[in-house]
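Participant: no FASTA, just this:
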């Protein structure tokens, strides 16, 4: 069966591994590198489909674990899949549910999760009900969701994991990758499947996993296990071990990473897409993205009383409707009074900000100026 | 001084007191009858200025009591008034703070409020701090807010109030009206001042109050004290006593009323504008307005599991972007999972729905078909 999915690299940076390209899906094109906002429960929190289109979000990420619990697969099946359920007509990615299931593991001292060769049993964080997920079940659910990109079921170990345990989990992830592929033979022709590279913070395991997953007939590769805890500091090392083992022509997604300084590092190493809750989560807390770096972050905290009389927009020269319409003093007031509008306006600005940054990165790669842009933003290479 | 405020009646219904007109303000025209959404803390909850413009909201109502406490008058003064603070460029109404202050009275068994001839002392519902409001202070604050329509400081009694107490409160309201007018001589030339008719549920008091307030040089008349508790059932009687005593050429605002069945009754009796939190408050609770009347209400409750698989929009034929983009099943899911987007989408639809109803009412008055439209909606006259 011909998949309605393709990836073409349109330009490469001469000095780094950075590249620009286009992922073609049945729901439209994705220009890469692409930032992917997260819509955990089939909603990018506080924003609607028109907002996302206006911001320039090309796709969003939906979490299979959450959607499996609510509204449940029956509802999404009867509504004809996630696209018709949400009214979002552009591409979607669903994850395998692995990450959320294994987060229960960490948070609850293993009491909610039991890992076996066949799959994982866990209790819902909502009502304590028991569930059992296997690679086959993850894929079955994702086929119903109907996202353009699905992700193979993997075991995400949490930092710090020993070499011994990371090896065990990686090998299980590899066996689950084969089972995911097998089950995914039944998927819709619009759906691509990405395999997941694991291996913790160990060079030999990451290299082994990258080679193994790359050798399987996935349409793309996701790199997992670098978004949580201290392991994030080791992201650059993990990418340096992993990416040389991956075929250049397959698209590469980095799971759960997207702070501004990270974005330059991961693009530089040849990542094509990456998802992150940061812009929306920080926005809901009152932190807004700006070009001015302070204390190592590109953020201002609108909760601070310093903004109570500030007539300026969040970011000078920002073209987003929030910056064109509202001053910091008003936004400060909305956060202090916990007005619902606060969360939306800050989320909107932050996603807009990240999308424009990624636009600029693609243009810079095209012009051969990626490292110059990185230096402008980070002050170093 | 020439006020930048005017009111012209452009057509009258032949069978009722209903009328259509235009209020001219420095921030634009208001077609009447006009529904006025409420932005308690300078934000119509969950909606932004673009949403409101798209919905067709012509103005919104800001609550002086809340803004006086947060962000405080100093912030709004330094930001140049409520228009530049909020970025809203169309007309605004501010209230006198009386209603909120006297609500503390009811809720807290008088412990938070003390009424004297000079004014009212009360404690903030936020931090218990002490404040003293007089007619002069209410007007001073409203001048700083800079809304196009200000409201004189009044005592709003709560149902049931005896004839004796209603008389006392009404007479105080009349003395406060004169003091409000005096202080308002300092107002900006863009600001109109409406006096408030009180008098509880007593015919003689309402008639007395309407005559007295109408005789003072206010630009318009607000009718208070019919929005709370059981007194709302007596709204029609109060309007029938009050309105014949008011000059036809002054605009009339009914404070705090706007359910669908109320709208027909108040327009029929010659009210030109009315504010109500109902569409947004109900929306945040999951109740959405529809043309189908059920159990006496034009509402569906999206929380109900009956909507879990419902592919239809909230309202068939509704042209709002929510109904064009989203199905009930998705909205049900957003409410069940308490996604922020739920509150915005339902508030948007409900305000849109009310604005289109009021559009239809104006057109019906113009065509001489107001009572036909009322019968279509309510099934009776």
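Facilitator: Sure thing, it's come through. Note that the structure is a prediction, hence the values are computed from the model and not measured.

Participant: for stretch A:249-264, what is the average pLDDT?
Facilitator: Over the span of stretch A:249-264, the pLDDT mean works out to 96.

Participant: any buried residues in it, and which?
Facilitator: A:250-260, A:262-264 (16 or more other Cβ atoms under 10 Å in any protein chain shown). Just so you know, the C-beta spots here come from the backbone N, C-alpha and C atoms, and that holds for glycine as well.

Participant: equivalent analysis for stretch A:15-31, please.
Facilitator: Within stretch A:15-31, the residues scored as buried using 16+ other Cβ under 10 Å are A:16-27, A:30-31.

Participant: also stretch A:69-82?
Facilitator: A:69, A:71, A:73, A:75-79, A:81-82.

Participant: what distance do you get for the residue nearest to the spatial centre of chain A to chain B?
Facilitator: By Cα atoms, centre = their mean, chain A has its centre lying nearest to residue A:275, at 1.8 Å. For residue A:275, the distance to chain B (Cβ to the nearest Cβ, to the nearest Å) stands at 18 Å.

Participant: what bridges to that residue?
Facilitator: residue A:36 (DSSP bridges).

Participant: residue contacts, it?
Facilitator: Residue A:275 is in contact with A:35-38, A:61, A:93, A:253, A:255-256, A:258, counting by Cβ atoms under 8 Å, 6 or more residues apart in numbering or on different chains.

Participant: tell me where the stretch 151-300 of chain A has helices.
Facilitator: A:163-183, A:203-215, A:235-242, A:260-268, A:278-285 (DSSP state H, counting those that start in this stretch).

Participant: now those helices as TSV including distance to chain B?
Facilitator: What follows is the helices of the stretch 151-300 of chain A, written out as TSV (distance: least, Cβ to the nearest Cβ, whole Å):
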stretch	distance to chain B
helix A:163-183	26
helix A:203-215	33
helix A:235-242	30
helix A:260-268	24
helix A:278-285	8
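
Participant: and the buried residues of stretch A:69-82, which two are furthest apart?
Facilitator: Taking Cβ to Cβ as the measure, the buried residues of stretch A:69-82 reach their widest spread between A:69 and A:81, a distance of 17.5 Å.

Participant: mean confidence for whatever helix or strand residue A:20 lives in?
Facilitator: Residue A:20 belongs to strand A:19-25 when assigned by DSSP states H and E. Across strand A:19-25, pLDDT averages out at 98.

Participant: and if you look at stretch A:128-144?
Facilitator: On average, stretch A:128-144 scores 95.

Participant: reformat the buried residues of stretch A:69-82 as CSV; add distance to chain B.
Facilitator: Formatted as CSV, those follow (distance: Cβ to the nearest Cβ, whole Å):
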residue, distance to chain B
A:69, 9
A:71, 4
A:73, 12
A:75, 6
A:76, 9
A:77, 10
A:78, 5
A:79, 5
A:81, 12
A:82, 10
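
Participant: residue B:234: which of the residues you listed is nearest?
Facilitator: After measuring the buried residues of stretch A:69-82 against residue B:234 - Cβ to Cβ - the closest member comes out as residue A:71, at 44.2 Å.

Participant: my guess is the closest one contacts residue B:307, does it?
Facilitator: No - if you go by Cβ atoms under 8 Å, residue A:71 and residue B:307 don't touch, sitting 10.5 Å apart.

Participant: need the overlap of contacts for these two.
Facilitator: Joint contacts of residue A:71 and residue B:307 (Cβ under 8 Å, 6+ apart) are B:329, B:332.

Participant: quick one: which helix or strand includes residue A:365?
Facilitator: Assigned by DSSP H and E, residue A:365 falls in helix A:340-366.

Participant: what comes up buried for that helix?
Facilitator: A:340-358, A:361-362, A:364-365.

Participant: what mean pLDDT does it get?
Facilitator: On average, helix A:340-366 scores 98.

Participant: same check, this time on stretch A:282-295
Facilitator: 93.

Participant: residues in contact with that stretch?
Facilitator: Counting by Cβ under 8 Å, 6+ apart, A:45-46, A:260, A:279, A:298-303, A:314-315, A:331, A:335, A:342-343, A:346-351, A:353-354, A:377, A:379, B:340 sit against stretch A:282-295.

Participant: tell me, which of the buried residues of helix A:340-366 make contact with chain B?
Facilitator: By Cβ under 8 Å from any Cβ of the partner chain, the members of these lying near chain B are A:340-341, A:343-345.

Participant: how about the contacts made by the closest residue to residue A:172 other than its chain neighbours?
Facilitator: Ranked by Cβ to Cβ, 6 or more residues apart in numbering or on different chains and with sequence neighbours excluded, the top spatial neighbour of residue A:172 is residue A:155, at 5.4 Å. Contacts for residue A:155 (Cβ under 8 Å, 6+ apart) come out as A:98, A:102, A:115, A:120, A:169, A:172-173, A:176, A:198.

Participant: can you check residue A:80 too?
Facilitator: By Cβ under 8 Å, 6+ apart, the neighbours of residue A:80 are residue A:146.

Participant: what does residue A:302 give?
Facilitator: Per Cβ under 8 Å, 6+ apart, neighbours of residue A:302: A:286-288, A:314, A:328, A:331-332, A:335, A:346.

Participant: now, of these, which are buried?
Facilitator: Using 16+ other Cβ under 10 Å, the buried ones in the contacts of residue A:302 are A:286-288, A:314, A:328, A:331-332, A:335, A:346.

Participant: closest one of those to residue B:89?
Facilitator: residue A:331 (17.7 Å).

Participant: sorry, back to before: so which pair among the buried residues of stretch A:249-264 is furthest apart in space?
Facilitator: A:250 and A:260, at 26.2 Å, using Cβ to Cβ across the buried residues of stretch A:249-264.

Participant: which element is the residue lying farthest from the centre of chain A on?
Facilitator: What lies farthest from the middle of chain A is residue A:309; by Cα atoms, centre = their mean that is 36.3 Å. Per DSSP H and E: residue A:309 is located in neither a helix nor a strand.

Participant: that one touches residue B:78, doesn't it?
Facilitator: Yes - counting by Cβ under 8 Å, residue A:309 touches residue B:78, with 4.8 Å between them.

Participant: tell me the SS of residue A:57?
Facilitator: coil (DSSP: H, G, I helix; E, B strand; the rest coil).

Participant: excluding chain neighbours, what is closest to it?
Facilitator: residue A:37 (5.4 Å).

Participant: same question, residue A:125
Facilitator: residue A:104 (6.4 Å).

Participant: and the one you found, that's in a helix?
Facilitator: Yes - Residue A:104: assigned to a helix according to three-state DSSP.

Participant: tally of neighbours for it?
Facilitator: 19 (other Cβ atoms under 10 Å in any protein chain shown).

Participant: so which helix or strand of chain A has the lowest pLDDT on average?
Facilitator: helix A:98-107 (a mean of 73; mean pLDDT, DSSP states H and E).

Participant: which strands and helices lie in contact with it?
Facilitator: With contacts taken as 3 or more Cβ pairs under 8 Å, 6 or more residues apart in numbering or on different chains; DSSP states H and E, helix A:98-107 sits against helix A:64-67, strand A:113-115, strand A:120-123.
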